[in-house]
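1. Dropping the sequence and predicted coords here.
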Amino acid sequence: MNNKDNTTGRYVFVTLLNVIITVAEFVGGIVSGSLALLSDAVHNLSDVGAIVLSFVAHLISRKSRNTNKTFGYQRAETLAAFTNGVILIVISLLLFVEAIQRFWQPEHIKGGIMLIVSAIGLAANFISMFAMHKDAKNNLNVRSTFVHMLSDALSSVAVVIGAIFIYFWNVTWLDPVLTMLVSLFVLYEAYEITMKAANVLMESNPNIDLNEINKIVLSYPEVKNIHHVHVWRYSDDYIMLDAHVNVSKDLKAVQFEKLTEEIAQQLKKKLDINHVNLQPECERGRNDKMIVPGPGKEN
């Protein structure tokens, strides 16, 4: 079984596990009268939707290129990561506001039932995190799902700790304090994911040094200038470069092809750019800069 099949299996497992967690916490919250447990159930329910969205995007991203999607479907995962990030931000803000309200409107709960159900939820969330951890480092979409699981686990930790203190010492103020801390942590992680996905969608430069590109390309004597440079991350797997280069007039097509291959190899080796497209020119744009300011001024 290949890595993509393993990722699909993990998505299915995590989705089913979180559905079970959500149902258990809804029932436990109603029986115990725990608003915190019901809130955690709502949190998990929203995450189930996010996981399904992420899973569908993962399946779409595996589709082959066609005449309609010549780049393929890999950005479906980036769209899902962006959507998940926004959802996480909204959830975090809602939980933070809810935690503030609980200082003035504390709820009486049955700590024993709350503790049992929240402990089960905590264990299940840690299992989900472990299942998604392996692919979270290399895939933004999977990472957004992993952060959902992490936020669920931290939320469950807060509920478990709150249940212990409420059950034994009736310390009701601890629950909103923990909820606020968890919300701030999740908000920070969600912001990073959302901004990274937004930068991919906006085709931003993925921290590639343009001066280094210039140095590499102009190290070949056949190249006199490089201009109209565009460098962007298409997906987690592809960093792309498109540029115009001024070359010698007597350079033949077969020679330019070989030159492009050599430049592409160096860009891949030194800057991890793995899709290079160079347009040869003789005099046009010889004095142009690497980046042409303003839209509609490239030609």
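-> Right, received. Where do you want to start?

2. and the helix or strand that residue 93 is a member of, what does it pack onto?
-> If you go by DSSP states H and E, residue 93 is part of helix 75-104. Under the contact definition 3 or more CB pairs under 8 Å, 6 or more residues apart in numbering; DSSP states H and E, helix 75-104 sits against helix 35-61, helix 140-169, helix 174-201. No exception for glycine: its C-beta is placed from N, CA and C like everyone else's.

3. Looking at the ones you listed, which one is packed in the most?
-> helix 140-169 (a mean of 23; mean count of other CB atoms under 10 Å).

4. just the angle between that helix and helix 174-201, please?
-> 180 degrees (axes from the mean of the first three to the mean of the last three CA atoms, to 10 degrees).

5. just to revisit the earlier point, check which residues of the helix holding residue 93 are buried.
-> 75-89, 91-92, 95-96, 98-99, 102 (16 or more other CB atoms under 10 Å).

6. hang on, the earlier thing: may I see the helices and strands packed on helix 75-104 organised as CSV, with mean pLDDT added?
-> Converted to CSV, these look like this (pLDDT from 0 to 100):
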stretch, mean pLDDT
helix 35-61, 77
helix 140-169, 82
helix 174-201, 84
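
7. got TSV for these, with distance to residue 251 too?
-> Shown next, in TSV, are the helices and strands packed on helix 75-104 (distance: least, CB to CB, whole Å):
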stretch	distance to residue 251
helix 35-61	39
helix 140-169	40
helix 174-201	35
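
8. hang on, the earlier thing: quick one: distance of the helix holding residue 93 to the chain centre.
-> Mean C-alpha position of helix 75-104 versus that of the full chain (CA atoms, centre = their mean, to the nearest Å) differs by 14 Å.

9. pLDDT on that helix, on average?
-> Across helix 75-104, pLDDT averages out at 85.

10. ok, now stretch 117-131?
-> pLDDT averaged over stretch 117-131 gives 87.

11. Need the residues that contact that stretch.
-> Applying CB atoms under 8 Å, 6 or more residues apart in numbering, the contact partners of stretch 117-131 are 10, 13-14, 17-18, 20-21, 24-25, 27-29, 32, 37, 40, 44, 146, 149-150, 152-153, 156-157, 159-160, 163.
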